[in-house]
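K.L.:
Need the 3D shape of this:
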Amino acid sequence: MDIIPALPLFEVHEGDGPLVIAAPHVGTYLPDDIAACMTSTGCSVNETDFHVHRLYDFARSLGASTLWATHSRYVIDLNRPPDGGALYPGKFETALCPLTDFDLQPLYIAGLEPDAAEVEHRRVHYHAPYHQRLTEILTATRARHGYALLIDAHSIRSAIPSLFSGSLPDINLGSNDGQTLSPEVLEVVRKWQDTRSPFSSVLDGRFKGGYTTRHYGRPEINQFSLQTEIVQDRYLDTADPRTFHAERAKAMSMRLKSLVEALLSHLERSYRPG
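P.N.:
The predicted structure follows:
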């Protein structure tokens with residue numbers, strides 16, 4: 001019998017420009033052995049960042065490298081610290097290997113939740129390879145250009161009572177309170193926010209950037225990172241989130257492109273060798 005290879009952990013494209021875009025929560029795949037332990041809520045993978053990577057379809061025209069996760073965040077959350085430490089102390093967060101969804105519904109059949117050994121197995125076999133590959137891409141990008149810009153791409157429902165009250169702005173940007181960008185690059189983001197747009201935005205509001213943004217944002221070595229958290233109903237039909245509607249998403253994609261281009265323009269002027 002032929003052995004069917006496991007689905008690759010991520011899809012990677014290596015460009016030759018200074019831009020890197022990663023989407024750790026865009027995957028929907030559940031390995032069979034994990035899915036067999038899950039409730040219908042877990043198997044639904046409803047908290048996927050559906051199609052958020054498609055908002056960056058312009059990336060390759062800018063020479064970007066891209067890294068798209070293929071496996072569901074319910075397998076392991078690639079945007080959490082590998083030790084499971086808190087990103088937002090005092091606020092609700094799901095675990096490195098989530099046990100509930102954001103609505104506190106269990107993902108696993110009672111008694112079949114991953115134990116410590118299983119969490120460690122997933123950390124080694126899912127979390128570590130993704131971040132090793134992202135590290136390699138950023139290191140090569142910085143060596144080539146003298147700097148690198150990482151956009152960590154996410155999306156979210158507009159209202160999740162366990163995480164925040166009310167509704168989010170359309171575009172939620174995170175720089176860990178300015179720590180993952182230099183002051184000059186941060187000012188580029190603020191000026192972009194002031195430009196006319198049909199979309200509302202906030203910088204370092206409820207979401208300041210997860211593990212990826214915080215870990216890789218190192219302005220002292222000219223490696224900059226910014227999380228983009230997009231409200232899903234501004235680019236998806238949330239009644240049918242698995243279907244991508246390019247025309248519906250076009251305006252948001254153009255808005256994000258203008259942000260990326262403003263950042264790249266500033267970085268090229270300021271950090272290009274020679």
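K.L.:
C-alpha from now on. contacts and neighbour counts both.
P.N.:
Fine.
K.L.:
Got the phi and psi for residue 142?
P.N.:
Dihedral pair for residue 142: phi -70, psi -40, per degrees, to the nearest 10.
K.L.:
pLDDT score for it?
P.N.:
Residue 142 is assigned 97 on the pLDDT scale.
K.L.:
Repeat that for residue 29.
P.N.:
Note for residue 29: predicted pLDDT of 97.
K.L.:
right, and it touches residue 72 too?
P.N.:
Yes: contact criterion C-alpha atoms under 8 Å: residue 29 and residue 72 qualify, at 5.3 Å.
K.L.:
Comparing those two, which shows the higher neighbour count?
P.N.:
Neighbours were counted for residue 29 and for residue 72 using other C-alpha atoms under 10 Å; residue 72 has more, 25 against 18.
K.L.:
Which parts of the protein are helices?
P.N.:
All helices of the chain, identified by DSSP state H, fall at 32-35, 40-44, 116-122, 128-145, 183-194, 211-216, 246-271.
K.L.:
Alpha carbons of the fifth one, as PDB, please.
P.N.:
In PDB, the C-alpha atoms belonging to helix 183-194 read as follows (Å, rounded to 0.1, in the frame of the first residue of the first chain):
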ATOM      1  CA  PRO A 183      10.100  55.400  16.500                       C
ATOM      2  CA  GLU A 184      10.500  56.500  12.900                       C
ATOM      3  CA  VAL A 185       8.800  53.400  11.500                       C
ATOM      4  CA  LEU A 186       6.100  53.800  14.100                       C
ATOM      5  CA  GLU A 187       5.500  57.300  12.800                       C
ATOM      6  CA  VAL A 188       5.000  56.000   9.300                       C
ATOM      7  CA  VAL A 189       2.200  53.700  10.700                       C
ATOM      8  CA  ARG A 190       0.600  56.700  12.400                       C
ATOM      9  CA  LYS A 191       0.700  58.800   9.300                       C
ATOM     10  CA  TRP A 192      -0.900  56.000   7.300                       C
ATOM     11  CA  GLN A 193      -3.700  55.800   9.900                       C
ATOM     12  CA  ASP A 194      -4.400  59.500   9.300                       C
END
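K.L.:
Give the other helices and strands that that helix contacts.
P.N.:
Contacts defined by 3 or more C-alpha pairs under 8 Å, 6 or more residues apart in numbering; DSSP states H and E place helix 183-194 against strand 201-203, helix 246-271.
K.L.:
Just want the angle from the last one to helix 183-194.
P.N.:
For helix 246-271 against helix 183-194, the angle by axes from the mean of the first three to the mean of the last three C-alpha atoms, to 10 degrees is 150 degrees.
K.L.:
Show me what helix 246-271 packs onto, helices and strands only.
P.N.:
So helix 246-271, by 3+ C-alpha pairs under 8 Å, 6+ apart, packs with helix 183-194.
K.L.:
Tell me the buried residues in the helix it packs on?
P.N.:
Buried residues in helix 183-194, counting neighbours by 16 or more other C-alpha atoms under 10 Å, are found at 185, 186, 188, 189, 192, 193.
K.L.:
Also stretch 37-45?
P.N.:
Buried residues in stretch 37-45, counted by 16+ other C-alpha under 10 Å: 37, 38, 39, 41, 42, 43, 45.
K.L.:
These: which two are farthest apart?
P.N.:
Of all pairs drawn from those, the one with the longest distance (C-alpha to C-alpha) is 37 and 45, at 13.6 Å.
K.L.:
any low-confidence regions in this protein?
P.N.:
By pLDDT under 70, the low-scoring segments of the chain are 1-5, 273-274.
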